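Asks: Quick one, what's the 3D model for this:
(one chain, ligands or ions: 1)
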Amino acid sequence: MSFICPRCKQYTLEIKKIAKAVLGPMDDEKSIQLVGCSCGFKGVAVYEESRRGAGSVFNHDGYMVPDELVDKLKEKMVGGGEVAADDFTINKITQQKFDHFSMDLAS
Ligand SMILES: [Zn+2]
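Replies: From the prediction side, this is the model:
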């Protein structure tokens, strides 16, 4: 499974690691993913799936986070357990979400 990379625009972005995300009261199912590309780009993606209603509705968004945050997430994933997605998708200084990009699959 390869996705389009926001840096090199090739379908070479891959999910390297996945962890369960800590769920909020409104969340159905959520995972946090470490993504990387052969061009050197690294980022974080969040996959959310809603099981309510007919069919499945999902959101898959990537975030352009600083490399050190990606490395921090990697360390946390090695330990196992759930990860708070907000810790890795919100800039602690500005309290804004990091720039996001769509995780578009190669068809
Ligand atoms: Zn790339």
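
Asks: which residues of the chain fall in strands?
Replies: Ranges of strands in the chain, per DSSP state E, are 13-20, 29-37, 42-50, 57-63, 100-102.

Asks: Surely Gln10 touches Ile4?
Replies: Yes. Under the criterion of C-beta atoms under 8 Å, Gln10 makes contact with Ile4 at 7.2 Å. C-beta: built from backbone N, CA, C; applies to glycine.

Asks: While we're on Lys20, how confident is the model there?
Replies: At Lys20, the predicted lDDT confidence score is 95.

Asks: Can you tell me how far it is from Leu73?
Replies: Applying C-beta to C-beta, to the nearest Å, one obtains 13 Å for the distance of Lys20 from Leu73.

Asks: Please enumerate the shared neighbours of the two.
Replies: Overlap between the contact sets of Lys20 and Leu73, as judged by C-beta atoms under 8 Å, 6 or more residues apart in numbering, is given by Ile32, Val83.

Asks: quick revisit: for the strands of the chain, could you give me a markdown table that also reports mean neighbour count and distance to the ion?
Replies: Written out in a markdown table, the entries for the strands of the chain read as follows (neighbours: other C-beta atoms under 10 Å; distance: least, C-beta to the ion, whole Å):
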| stretch | mean neighbour count | distance to the ion |
| --- | --- | --- |
| strand 13-20 | 17 | 6 |
| strand 29-37 | 20 | 3 |
| strand 42-50 | 20 | 10 |
| strand 57-63 | 16 | 12 |
| strand 100-102 | 16 | 11 |
